[in-house]
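Peer 1: Curious how this folds, go ahead:
(chains A and B)
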Amino acid sequence: MAVEVRMPTILRKYTSGAKAVEGSGSTVREVIEDLDQRHPGVRGAVVTDGGELHRFINMYLNDEDIRFLGSLETPVSDGDVISILPAVAGG
Amino acid sequence: MLEFRIPEPVARAMTEHAQAEYPKECCGFLVGPPGEVREQVKLTNVDPDPVMRYEADPKEMKRAYDDLFDRDWEVVAIYHSHTHTPAYPSPTDVKLARDPNAAYVLVSLQDRSLPDLRAFRILEGRIEELGVVSEEKAS
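Peer 2: Reported below is the predicted structural model:
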């Protein structure tokens, strides 16, 4: 499955400045793994050492927050758009 | 000191947002072409303790980022208010600052009749203040 992955400014250092890249896989996790092959560093910025989505990263499949779908195991389809956004929080 | 330029109407709108949400903290983006503040995007603070902390509503953020993506604009600054402390990044602000490209703008309403606006970069735990230059018209 080929999907578009939209990168936040802070992760574009891994994609040579590209704001969107193409990835493939049957789940969000597989797409991230695929991206990390060509853009090393993406996985570490998004997924913890324990394999979970980082607390302060939000990922969306099309318009839905993947935390409300199947998190990293959410299936993806051809033409889907994954957006990665940093959470905005403080005190 | 590096400058942080902001159109005066945007600065005023941000202060009004802070006043409207008081005593809760407000939050939002200042957006525009890279490095240039053109517009304010108000975001809802969904933190369970909104007087002391903020977290921007993820759904609103997604909509804002989609709009920026289509316009080739970016988040030039992330703003929020402090309602009981000075306009200076708290330890939590420093810990949770994720965007080295954005300025972090603080509006303090510690004295509600005299809002204080300051801007910073937060890089790997270090705080660098920027000189706020409020301009009558957007350049």
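
Peer 1: wouldn't residue B:90 be in contact with residue A:89 here?
Peer 2: No: with contact defined as Cβ atoms under 8 Å, residue B:90 does not reach residue A:89; the gap is 11.6 Å. Every C-beta, even on glycine, is put in place using the N, C-alpha and C of the backbone.

Peer 1: more crowded one of those two?
Peer 2: Counted by other Cβ atoms under 10 Å in any protein chain shown, residue B:90 and residue A:89 do not tie: residue A:89 has more neighbours, with 23 against 17.

Peer 1: and the residue nearest to the more buried one when sequence neighbours are not counted, helix, strand or coil?
Peer 2: Distance criterion Cβ to Cβ, 6 or more residues apart in numbering or on different chains; nearest residue to residue A:89, sequence neighbours excluded, is residue B:55 at 4.1 Å. With DSSP: H, G, I helix; E, B strand; the rest coil as the basis, residue B:55 sits in strand.

Peer 1: ditto for the one 5 residues further on
Peer 2: Taken by three-state DSSP, the conformation at residue B:60 corresponds to helix.

Peer 1: Next, the contact list for it, please.
Peer 2: B:43, B:44 (Cβ atoms under 8 Å, 6 or more residues apart in numbering or on different chains).

Peer 1: got it, and the one 4 residues further on?
Peer 2: Going by Cβ under 8 Å, 6+ apart, residue B:64 touches B:29, B:31, B:41, B:43, B:75.

Peer 1: Residue A:87 too?
Peer 2: A:55, A:56, A:57, A:58, B:55, B:56, B:58, B:96, B:98 are the contacts of residue A:87 under Cβ under 8 Å, 6+ apart.

Peer 1: for residue B:90, same thing?
Peer 2: Residue B:90 makes contact with A:90, A:91, B:82 under the criterion Cβ under 8 Å, 6+ apart.

Peer 1: show me the contacts for the last one.
Peer 2: What that stands for is residue B:82. So residue B:82 contacts B:25, B:88, B:90, B:106, B:107, B:108, B:109, B:110 (Cβ under 8 Å, 6+ apart).

Peer 1: Got phi/psi on the third one?
Peer 2: Here is the backbone geometry of residue B:90 (degrees, to the nearest 10): phi -80, psi 170.

Peer 1: Any of the contacts of residue A:87 buried? List them.
Peer 2: A:57, A:58, B:55, B:56, B:58, B:96, B:98 (16 or more other Cβ atoms under 10 Å in any protein chain shown).
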